[in-house]
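[1] Quick one: sequence plus predicted model below, questions after.
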Amino acid sequence: MTGRHAMTASGTDAPAATPALAVDGRVWRAFGDPLVPATGTGPLQGTRVAVKDLFALEGFATGAGSEEWLAEARPETTTAAAPAALLAAGAVVAGIARTDEFAYSLAGTNTHYGTPPNPKAPDRISGGSSSGSASAVSLGQADIGLGTDTGGSIRVPAAYQGLYGIRTTHGAVSVRGLLPLAPSFDTVGWMTRDAGTLAAVGNVLLPGGRPEAQPPDPIPPDATLQDATLQEARFAPELLALAEPDVRAAVDKFLHDWTAGTGNPPLERTGFRTAELPGWPSAFRTVQGYEAWDCYGWWISRHWDSLGADVAARFRTASQISPGECGAARELLSAAREDIRSVVGSGVLVLPSVSSVALPIDTAAVGGKSIEAVRRSTMQLTCIAGIAGLPAVNVPLSTGDGLPCGVSLIGAAGSDAALISLAGRLAVP
């Protein structure tokens, strides 16, 4: 184990010789000062990274939010591409952050380790599945929360905790060394307290950044970075209507301020085929579940009792999905992908990041009806970028009651850098 004052909350990694720090085990699986030092110097020097417990870190086992998986895992021999690039750019790894089991949740409520705190709304859930990474940043214990986004696992905790966050273009950032959930939708993302740090990480991880920080994996053609300024933006009232009134009011104010500002792309109203939208999350969950079972069914089938009720229920459903059902869902999503990309065009689509503010902890029982209802309504919004393989940036907002929420900017494939730049200009004071 590298770094000083390293601690673990699981017992799998070797204990440090120095006394353990008082670290919240709901946030961190392992923590150090630092846990992993930088391997180079560069634009991220002086920043601390909370790494979601899905990325390989040399010398540490990868736990995937599961006690049993961690107990059987062996220490990694190499570091995953994304954290390796951050280390090469001067960042240090503060620790390994908690995640929902196998990243198969949007709530952040892990049966084994508890719910990471949400300092912006202390009586409410953190959001997941990049829950520990988000809380570490929100608490000020890290500057960068490295995570993943399949169905909203960056955008949801970022919105719930008042952070900036980006789900990158599918394939734009290497997933080498990352435990998958659903490879058709999995992306690397990150969360920060300010848009400037969000951009600094993008300059390292996105195509066109520092050559020595680039992952070795090939970048798909549709993930080529676009540096041009976004020239147009649109919003669909039908999508705004999917959010609860308090979130919708916050987004409405954001849109009003957009049009009143100077130098912003012109904002226009557009239509969205919401009649077909209810079927999209269902098809998304079908493909996601089929791929998740393909990734972990061999292990889950021997460890059902180790899973929390919510994640176990999703894997049981996933285990029953047939190849034919998955194929039909892929066909529907292929058509949806084209529809979404035609609406986004070469500009940006503006929509709520989440359907509601974070649920109160006391009503958010793991696997309970409240969490499942919010998951379904939120996925109607978050699945849009996932289906189309497009980048999306969460800009933090607040409701009239001062609760965190967020607005998403979805751009064309490869427009990640332009979206981050736009988010910085639109930052809400």
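    Okay, I see it.
[2] Three-state assignment for residue 33, please.
    Following DSSP: H, G, I helix; E, B strand; the rest coil, we place residue 33 in the strand state.
[3] what's around it, how many residues?
    Counted with other Cβ atoms under 10 Å, residues neighbouring residue 33 total 16. For every residue, glycine as well, the C-beta is placed using N, CA and C.
[4] ok, now residue 186?
    Using other Cβ under 10 Å, the number of residues around residue 186 comes to 24.
[5] Same check on residue 373?
    13.
[6] Same question for the one 4 residues further on.
    When neighbours are defined as other Cβ under 10 Å, residue 377 has 16 of them.
[7] For the remainder of this discussion, apply numbering that starts at 173.
    Sure, I'll start counting at 173 from here, so that last one is residue 549.
[8] residues of the helix or strand harbouring it that come out buried?
    Here residue 549 sits within helix 541-560, counting by DSSP states H and E. Neighbour counts over helix 541-560 (16 or more other Cβ atoms under 10 Å) mark 543, 546-547, 549-560 as buried.
[9] ok, which stretches of the stretch 473-601 of the chain are helices?
    Ranges of helices in the stretch 473-601 of the chain, per DSSP state H, counting those that start in this stretch, are 481-491, 495-516, 541-560, 588-597.
[10] need the least confident one among the ones you listed, by mean pLDDT.
    Mean pLDDT per stretch puts helix 541-560 lowest among the helices of the stretch 473-601 of the chain, at a mean of 90.
[11] got any ranges where the protein has weak pLDDT?
    Residues of the chain meeting the criterion pLDDT under 70: 173-193, 380-401, 537-540, 601.
[12] ok, now which ones touch the residue nearest in space to the middle of it?
    The centre of the chain sits closest to residue 326, judged by Cα atoms, centre = their mean, with a distance of 1.9 Å. By Cβ atoms under 8 Å, 6 or more residues apart in numbering, residue 326 lies in contact with 302, 319, 320, 337, 338, 339, 361, 362, 363, 566.
[13] So which of the residues you listed is surrounded by the most neighbours?
    Neighbour counts for these, by other Cβ under 10 Å, peak at residue 302, which reaches 37 neighbours.
[14] which residues sit in contact with the residue lying closest to that residue once chain neighbours are set aside?
    In this structure, residue 302 finds its nearest non-sequential neighbour in residue 319, 2.9 Å apart by Cβ to Cβ, 6 or more residues apart in numbering. Contacts for residue 319 (Cβ under 8 Å, 6+ apart) come out as 224, 269, 271, 301-302, 305-306, 325-326, 329, 360-363.
[15] Over to residue 330?
    Shown in contact with residue 330 (Cβ under 8 Å, 6+ apart): 299, 306, 336, 337, 363, 525, 566, 568, 578.
[16] Strands of this protein, residue ranges please.
    179-180, 200-208, 220-224, 264-269, 316-321, 336-339, 359-364, 405-407, 439-441, 520-524, 564-570, 576-583 (DSSP state E).
[17] Just send the ones you listed back as TSV, with distance to residue 248 too.
    Compiled in TSV, these are given as follows (distance: least, Cβ to Cβ, whole Å):
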stretch	distance to residue 248
strand 179-180	15
strand 200-208	11
strand 220-224	12
strand 264-269	11
strand 316-321	15
strand 336-339	25
strand 359-364	17
strand 405-407	42
strand 439-441	46
strand 520-524	37
strand 564-570	29
strand 576-583	33
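[18] between the ones you listed, which gets nearest to residue 499?
    Minimum separation from residue 499 across the strands of the chain (Cβ to Cβ) falls at strand 359-364, 23.0 Å.
[19] picking up where we left off before, compare the helices of the stretch 473-601 of the chain and give me the one nearest residue 218.
    Nearest of those to residue 218, taken as Cβ to Cβ: helix 588-597 at 19.9 Å.
[20] CSV please, covering the contacts of residue 326 and showing distance to residue 594.
    Listed next are those as CSV, based on distance: Cβ to Cβ, whole Å:
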residue, distance to residue 594
302, 22
319, 21
320, 23
337, 14
338, 12
339, 15
361, 17
362, 17
363, 17
566, 13
